[in-house]
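**Student:** Using only what follows, build the 3D model:
(one chain, ligands or ions: 1)
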Amino acid sequence: MARGFAAIRDNPLGFLEDTRRRYGALVAFPVPRTTALLVSDPADVRRVLQSGARTWTKATVQYAALARVTGPGLLAVADDRWLPRRRAAQPAFHHARLDAVSESIRSAAGRVVGEWRSLSADGAVLDVDALAMRVTLDVIGRTLFDEDLAEVTDALVHATDEAAELVVAQGRQVVPLPSWVPTPVNRRLRRAVRDLDRICREVIARRRLRGVGASHHDLLGLLLAAGLPDDAVRDELVTMVVAGHETVASALTWTLMLLAEQPGHQDRLRAEVRATGDVPALQLRRELPWTRAVVDESLRLFPPGWVVSRRAMAPDVLGDRAVPAGTIAIVSPWLLHRDPAAWPDPETFDPGRFDPGHPGSPVSGTATTTARADYLPFGLGPRLCIGRGFSLVELTVLLAELLRDHAVSLPQGWRRPEVDAFVTLRPRGGLRLRVTPCAPGAADRSQAGATGRPAAAQAANPPTTSVAR
Ligand code: HEM
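**Tutor:** Modelled structure (predicted):
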């Protein structure tokens, strides 16, 4: 058993893959006193996350640990406080707001591109993971708390990221000790949560002082205007940072790596972006279908939320197996997204799978990417990520802005970094790519895209039958 715990701690993705391969789509983990199932059959996944969502709740160790940082915020809450909180936060993520959000995203990307303008023609090798963390921090600060709070965003996000990592570190201890035991991790966690409380109290007090006026359409303003008490507003602010910062940064980092590994796909993206101006948020899939497909495919290979869990509050049936109340279900998007039964040649980065014209594409016909139980980067069912639309816009616009006039390529001696599965999926030791200026027109002239046709020709004739955002 101790060896089993060590394997989970040291290489959780490898452990999940090995378990799935050896024992099949519904496997019981040897956990004392609890039935814990690894659920990998799409029909069972749908039961747990969607049709049986009233039975399968978030009353799990994973979310209880998270709640030490976020309180009963939207992500961790496991009881009937969830629905009113979801309703209070929803307006901040409304489609109509996404255009304003795109502007903030363009400004954040513009700052990075501004720095890149001083690069020589050979470019430079940069840690794009650090860059992704920085640019997504900028975005979250601008969109959740408005610019007047920019200077506290840094402190808030730092304390939140630290607290979330400590929670995961604690969960990985072979013999977890209760939170009151003064281990170094518990002490650091308590300090990080105290910092969070203080920063949030200050932020909320400052905003109240200035008046919860109609001019503030950021999340903070909307939560205060919805009449939520300060404690609940604090929980949601921290939740949005936990859920919305590192996730997007992780996705951006891996996407840049995949595009550096596949220059043809990158050139096609650049040609598509250059053939359009600033695209309104709601038109992104139609106007930039390849760029959106790149995002979808990257989220398939590297889903930042690589595992989710639920607990059965009543007996249920999964497959042909009766499961007792109290059963824990572990669902791993990482596993589902790499299942060869659903995804032929699953390890290959092929955005064409998400081309709306591609047969069997998850975005063809009337299907959307939220309809499949074997593709769930944002979850499934009522607890689907509230930031899904926001993130897809953010990733698409960031890629478009960053790669319009710059290329990423593999530095000499390149080896893919190990994937650390922690809060999200992160490259161990960072991810260093060469960033090079790329004169407008160069890619269009010299490069062939993924299908072998010149990139500009592909961009000029994009697939047009898209339905999903
Ligand atoms: C690429 C980026 C993102 C990924 C991959 C992602 C992934 C997920 C997943 C898998 C869930 C479901 C968890 C479960 O069912 O147990 C979730 C829920 C959630 N996400 Fe995201 N997320 C992303 C970005 C964001 C952003 C930008 C925000 C907000 C600013 C956000 C806020 C939330 C919240 C509040 C929930 C809980 C929703 C509820 O239960 O009602 N996420 N996310």
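**Student:** How much space separates the closest residue to the ligand within the stretch 251-400 of the chain from Leu425?
**Tutor:** When distances are taken as Cβ to the nearest ligand atom, the stretch 251-400 of the chain reaches nearest to the ligand at Gly387, 2.4 Å away. Where you see a C-beta, it was placed from the backbone N, CA and C, and this is true even at glycine. Noted for Gly387: a distance of 17 Å to Leu425, by Cβ to Cβ, to the nearest Å.
**Student:** returning to what we had before: dump the residue contacts of the residue of the stretch 251-400 of the chain closest to the ligand.
**Tutor:** Phe93, Met240, Ala243, Gly244, Thr247, Phe378 (Cβ atoms under 8 Å, 6 or more residues apart in numbering).
**Student:** Apart from its chain neighbours, what residue comes closest to the fourth one?
**Tutor:** Same thing as Gly244. Gly387 (5.1 Å; Cβ to Cβ, 6 or more residues apart in numbering).
**Student:** Helix, strand or coil: sort out Leu429 for me.
**Tutor:** Let me fix one detail, which is that residue 429 is Gly and not Leu. Secondary structure, DSSP: H, G, I helix; E, B strand; the rest coil: Gly429 is coil.
**Student:** so it touches Val419, yeah?
**Tutor:** No - in this structure, Gly429 is not within contact of Val419 by Cβ atoms under 8 Å, at 11.4 Å.
**Student:** So what's the gap between stretch 23-38 and the chain middle?
**Tutor:** Relative to its parent chain, stretch 23-38 has a centroid offset of 26 Å by Cα atoms, centre = their mean, to the nearest Å.
**Student:** measure Gly379 to Pro263 for me?
**Tutor:** Distance from Gly379 to Pro263, by Cβ to Cβ: 33 Å.
**Student:** Just to be sure, Gly326 is in a helix?
**Tutor:** No - counting by three-state DSSP, Gly326 is not found in a helix; it is coil.
**Student:** sorry, back to before: PyMOL command for the buried members of the contacts of Gly387?
**Tutor:** Those of the contacts of Gly387 that count as buried under 16 or more other Cβ atoms under 10 Å are selected in PyMOL with:
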select buried, resi 93+240+243+244+247+378
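**Student:** Phe145: which of the contacts of Gly387 is nearest?
**Tutor:** Met240 (9.4 Å; Cβ to Cβ).
**Student:** nearest residue to that closest one other than its sequence neighbours?
**Tutor:** Met240 sits nearest to Leu144 (Cβ to Cβ, 6+ apart), 5.5 Å away.
**Student:** Please report how far that neighbour lies from the ligand.
**Tutor:** 7 Å (Cβ to the nearest ligand atom, to the nearest Å).
**Student:** what are the phi and psi angles of Leu144?
**Tutor:** phi -90, psi -40 (degrees, to the nearest 10).
**Student:** Go ahead and confirm it touches Leu219.
**Tutor:** Yes - under the criterion of Cβ under 8 Å, Leu144 lies in contact with Leu219, with a separation of 4.4 Å.
**Student:** what residues are shared contacts of the two?
**Tutor:** Ala92, Leu237, Met240.
**Student:** Show me which residues of this protein sit near the ligand.
**Tutor:** Applying Cβ under 6 Å from any ligand atom, we find that the chain lies next to the ligand at 74-75, 86, 239-240, 243-244, 247-248, 251, 304-305, 308, 377-379, 383, 385-387, 390-391.
**Student:** Which of those residues fall within strands?
**Tutor:** Val308 (DSSP state E).
**Student:** Buried subset of the residues of the chain next to the ligand as a ChimeraX selection?
**Tutor:** Buried residues within those, by 16+ other Cβ under 10 Å, are selected in ChimeraX with:
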select :74,75,239,240,243,244,247,248,251,304,305,308,377,378,379,383,385,386,387,390,391
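**Student:** Mind checking the pLDDT average for stretch 311-326?
**Tutor:** Stretch 311-326 comes out with an average pLDDT of 95.
**Student:** what about that stretch, how long is it end to end?
**Tutor:** Stretch 311-326 has an end-to-end distance of 6 Å (Cα to Cα, to the nearest Å).
**Student:** list the buried ones in it?
**Tutor:** Arg311, Ala312, Asp316, Leu318, Val323.
**Student:** show me the contacts for the spatially most central residue of the chain.
**Tutor:** Geometric centre of the chain, nearest residue: Thr247, 3.4 Å, by Cα atoms, centre = their mean. Thr247 is in contact with Pro304, Gly305, Gly387, Ser391, Thr424, counting by Cβ under 8 Å, 6+ apart.
**Student:** picking that back up, in JSON lines: the contacts of Gly387, plus pLDDT and distance to Arg191.
**Tutor:** Formatted as JSON lines, these follow (pLDDT from 0 to 100; distance: Cβ to Cβ, whole Å):
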{"residue": "Phe93", "pLDDT": "87", "distance to Arg191": "31"}
{"residue": "Met240", "pLDDT": "89", "distance to Arg191": "22"}
{"residue": "Ala243", "pLDDT": "90", "distance to Arg191": "22"}
{"residue": "Gly244", "pLDDT": "89", "distance to Arg191": "23"}
{"residue": "Thr247", "pLDDT": "96", "distance to Arg191": "24"}
{"residue": "Phe378", "pLDDT": "97", "distance to Arg191": "32"}
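**Student:** of the contacts of Gly387, closest to Ala163?
**Tutor:** Ala243 (13.2 Å).
**Student:** Please tell me how far the closest one sits from Glu236.
**Tutor:** Distance from Ala243 to Glu236, by Cβ to Cβ: 10 Å.
**Student:** Now for those two: what residues contact both?
**Tutor:** With Cβ under 8 Å, 6+ apart as the test, Ala243 and Glu236 both reach Leu74.
**Student:** Does Arg46 fall in a helix, a strand, or a coil region?
**Tutor:** helix.
**Student:** what does Val279 give?
**Tutor:** Under three-state DSSP, the three-state class of Val279 is coil.
**Student:** Need the CA coordinates for stretch 108-120. PDB is fine.
**Tutor:** Provided in PDB are the C-alpha atoms of stretch 108-120 (Å, rounded to 0.1, in the frame of the first residue of the first chain):
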ATOM      1  CA  ALA A 108      -2.200  42.200 -21.700                       C
ATOM      2  CA  ALA A 109      -0.800  40.400 -24.700                       C
ATOM      3  CA  GLY A 110       0.300  43.800 -26.200                       C
ATOM      4  CA  ARG A 111       2.500  44.400 -23.200                       C
ATOM      5  CA  VAL A 112       4.400  41.100 -23.900                       C
ATOM      6  CA  VAL A 113       4.600  41.800 -27.600                       C
ATOM      7  CA  GLY A 114       6.000  45.200 -26.800                       C
ATOM      8  CA  GLU A 115       8.800  43.600 -24.900                       C
ATOM      9  CA  TRP A 116       9.500  41.200 -27.700                       C
ATOM     10  CA  ARG A 117       9.900  44.000 -30.200                       C
ATOM     11  CA  SER A 118      13.400  44.600 -28.900                       C
ATOM     12  CA  LEU A 119      14.400  41.000 -29.800                       C
ATOM     13  CA  SER A 120      17.100  40.600 -32.500                       C
END
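**Student:** Quick check: buried residues in it?
**Tutor:** In stretch 108-120, counting by 16+ other Cβ under 10 Å, buried: Ala108, Ala109, Val112, Trp116.
**Student:** Check the burial of the closest residue to Ala312 other than its chain neighbours by counting its neighbours.
**Tutor:** The shortest distance from Ala312 to any non-neighbouring residue, by Cβ to Cβ, 6+ apart, is to Thr327 (4.5 Å). By other Cβ atoms under 10 Å, 24 other residues sit near Thr327.
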